[in-house]
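Q: Turn this into a model:
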Amino acid sequence: MENNSSYKRRAEFYDVEYIPLDDTNFLSSFIGDQVKSILEVPSGSGFHLEFLIGTGKNIYMIDKEPEMIEAIKRKIEIHGQGKKVQAICGLMESYDIPQKVDLIIFPQESFQLLNCDKLVIETLCNAYQNLNINGITLVDIAVFDRNIKPNTKNTPKYWHPSREEKLICLDWQRDINNERKLLRKSSYVETSENITFTFYYEVFCHDNCIDEYSASISLKKYRSEFLINLINETGFTIENIFGDYSHKKYELGDPRLIFILRKYEDRTK
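A: Reported below is the predicted structural model:
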């Protein structure tokens, strides 16, 4: 079985595999008339693209994998939105966009790919520099803690606190098209600082396995106090911290840790 530790190999079937939690109503609450432009990073293959196009704003979508950017560009062409939406290859901590934006979104668990303090600060400082005055940065983090009460609206679909560590489980089998199916199994290991998932894939054509590969992803298990200390070094003001997509104020034991960060003019003087 081919092993690839990034999600580069997964780009071909990413739309089949990745079905995110429905956070669009939550995100919509931050997209008022004052928001003229939005940046999402990383964007994957564009799972938020249709939603963002529907806002009527100018959109920038950034991902480090060229294969993901090409997938987004194909979708942009299909939607006829080449003038309003740009897909750009770049890292969370360093990217180039033509102009500053009013809202930056780090979607579900993506910020947890940053595994050291230096990268977190660089990423937040980069967001600060690319944000207009009074703009907002939204950082959406999953809480991987066995003491939380999971629910289908807020807990990542690939994890459950009752699941046994290192145990390989069948996640699902889904249609790719009329002839092919994708099967995924997964396992995880964790430390006090990180949780690492390994996904095992099998591609079937007419019930015959024609391809196998695996991919691993390591996510940081952030604590609220830790991030607050780092954010305070970047110039942002913490406007709110939510514990789920219903705008509930964060409390210990909540399934999510969603930071709403504001860039105020007096911080840049």
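Q: what sits against the closest residue to residue 100 other than its chain neighbours?
A: Spatial nearest neighbour of residue 100, excluding adjacent residues (C-beta to C-beta, 6 or more residues apart in numbering): residue 132 at 4.7 Å. Using the backbone N, CA and C atoms, a C-beta is placed for each residue, glycine as well. Applying C-beta atoms under 8 Å, 6 or more residues apart in numbering to residue 132 gives the contacts 100, 101, 102, 263.
Q: Over to residue 184?
A: Contacts of residue 184 (C-beta under 8 Å, 6+ apart): 17, 170, 171, 172, 173, 199, 200, 201, 202.
Q: how many other residues sit next to the nearest residue to the last one once chain neighbours are set aside?
A: I take that to be residue 202. Counting by C-beta to C-beta, 6+ apart, residue 183 is the residue found nearest to residue 202 once chain neighbours are left out, at 4.4 Å. Under the neighbour criterion other C-beta atoms under 10 Å, residue 183 is assigned a count of 16.
Q: And residue 183, how close does it get to residue 241?
A: Between residue 183 and residue 241 the distance is 38 Å, computed by C-beta to C-beta, to the nearest Å.
Q: In a helix, residue 226, correct?
A: Yes. Assessed with DSSP: H, G, I helix; E, B strand; the rest coil, residue 226 lies in a helix.
Q: any idea how far it is from residue 263?
A: Taken as C-beta to C-beta, the span from residue 226 to residue 263 is 21 Å.
Q: Between the two, tell me which one has more neighbours.
A: Comparing residue 226 with residue 263 by other C-beta under 10 Å, the one with more neighbours is residue 263, at 24 against 13.
Q: Check that one and give its pLDDT.
A: The score at residue 263 is 96. That number is its pLDDT.
Q: what do you get for residue 9?
A: 70.
Q: hmm, back to that, any idea which of the contacts of residue 184 is closest to residue 140?
A: Ranked by distance to residue 140 (C-beta to C-beta), the contacts of residue 184 are led by residue 17 at 19.2 Å.
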